[in-house]
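In: Sharing a model prediction with you, sequence too.
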Amino acid sequence: MSNPVFFTQAGNLSHLGPGSVFVLEGPEARHAVTVKRLAVGEQVDIADGAGTRLTGTVSETGSGTLAVTASDVVFEEQPAVRLVLVQALAKGDRDELAVETATELGIDAVVPWQSERSIVRWKGDRAAKAHAKWQSVVAAAAKQARRSHIPHVRPIVDTAALAKVVAAADLAIILHEDAKNPLRTVLEESGVPDGSDPGSPREVLLIVGPEGGISPREVTRLSDAGAVTALLGHHVLRSSTAGPTAVVLASDVLGRW
């Protein structure tokens, strides 16, 4: 069974090694002690969200602190090819479910997309709160999945801004029910697979529309910017399941698992 994971700020673990004692404080420590009820002698991982993981044994607990004696401190590299989920805002928290599940499955970054057919709108104060909530959802999912990296939720984009992101990307894939080629075929023919060739794509965008689908105008605009369309299967998936499904398939094709 894997160790439970608790997060500290990036950089807090980089100077430590085997035998070092790290004291976790704040909400994460309180959760470990009062909710998870970790006791002296139990194994635990502390991660900084940026790839460094400390594995050790609980040596002391307090009302808001958890002291861990390190047995190992390692830095876990990011995959050679990173997967980025471009998730259109969707009603009923389906967008949050999508980014949560995609994080558990290994997505490396998330881009919120205000598409033409998105019923949900991020405006004014709501935009900042909604963005912070997505980042919180992603952090919780990374913790659940025992990840050392917390995916970054990038700033929200509209279709015009997304077209610029697509143009700068190594590979951008629109997941669309009218596509001719399966996602596996698109990935295998793109030059992505193992990421060992310096000239191969390093970042793959997986673009998912809202519940109403991506409009033909948006497909044209993103395709003109360099995106390609791909089919996930014979059935039409919800906005909440398309992204995670694509992450699973892409991770398999790319040898990330």
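Out: Nice, thanks for sending it over.
In: Report how many residues lie close to the residue nearest to residue 11 when sequence neighbours are not counted.
Out: Of all residues not flanking residue 11 in the chain, residue 48 sits nearest, at 6.5 Å (Cβ to Cβ, 6 or more residues apart in numbering). Heads up, the C-betas are built off the backbone N, CA and C, glycines and all. Residue 48: 20 surrounding residues under other Cβ atoms under 10 Å.
In: let's have the chain start at 581 instead
Out: Sounds good: first residue 581 from here, last item residue 628.
In: And the next helix or strand past the lengthiest helix in the chain?
Out: Of all the segments assigned as helix in the chain under DSSP state H, the longest by residue count is helix 704-724. Of the helices and strands lying after helix 704-724 in sequence (DSSP states H and E), the nearest is strand 732-733.
In: Work out the sheet partners of that following strand and label each with its direction, please.
Out: strand 689-694 (parallel) (DSSP bridges).
In: any chance you could map the helices in the stretch 681-830 of the chain?
Out: Per DSSP state H, counting those that start in this stretch, the stretch 681-830 of the chain carries helices over the ranges 704-724, 739-748, 763-768, 796-804, 819-833.
In: most neighbours per residue, which of those helices?
Out: Mean neighbour count (mean count of other Cβ atoms under 10 Å) peaks for helix 819-833 among these, with a mean of 21.
In: so where is this protein shaky, pLDDT-wise?
Out: Low-confidence segments of the chain (pLDDT under 70): 581, 772-781.
In: tell me the secondary structure for residue 648?
Out: In terms of secondary structure, residue 648 is strand; the call rests on DSSP: H, G, I helix; E, B strand; the rest coil.
In: Next, the contact list for it, please.
Out: The contact partners of residue 648, taken as Cβ atoms under 8 Å, 6 or more residues apart in numbering, are 601, 602, 603, 604, 624, 626, 634, 636, 637, 638, 639.
In: Name all residues that make contact with residue 632.
Out: For residue 632, the contacting residues are 593, 594, 653, 654, 655, 656, 728, by Cβ under 8 Å, 6+ apart.
In: One more pass at 6 Å, please.
Out: Applying Cβ atoms under 6 Å, 6 or more residues apart in numbering to residue 632 gives the contacts 593, 594, 655.
In: picking up where we left off before, what is the orientation angle of the longest helix of the chain with strand 689-694?
Out: Here helix 704-724 runs at 150 degrees with respect to strand 689-694, directions being taken by axes from the mean of the first three to the mean of the last three Cα atoms, to 10 degrees.
In: chain center to helix 704-724, what's the gap?
Out: 12 Å (Cα atoms, centre = their mean, to the nearest Å).
In: and what of stretch 627-642?
Out: The offset between the C-alpha centroid of stretch 627-642 and the centroid of the whole chain comes to 21 Å, using Cα atoms, centre = their mean.
In: can I get the CA coordinates of that stretch in CSV?
Out: The C-alpha trace of stretch 627-642 is given here as CSV (Å, rounded to 0.1, in the frame of the first residue of the first chain):
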residue,chain,number,x,y,z
ALA,A,627,5.7,16.4,-1.5
ASP,A,628,6.3,19.9,-2.6
GLY,A,629,4.0,19.9,-5.6
ALA,A,630,7.0,20.6,-7.9
GLY,A,631,8.4,17.1,-8.0
THR,A,632,10.4,16.6,-4.8
ARG,A,633,9.1,13.8,-2.6
LEU,A,634,10.3,13.0,1.0
THR,A,635,9.6,9.5,2.3
GLY,A,636,9.9,9.0,6.0
THR,A,637,8.6,8.0,9.3
VAL,A,638,6.5,10.1,11.7
SER,A,639,8.7,10.9,14.6
GLU,A,640,6.5,13.4,16.5
THR,A,641,3.0,14.9,16.3
GLY,A,642,1.5,18.1,17.7
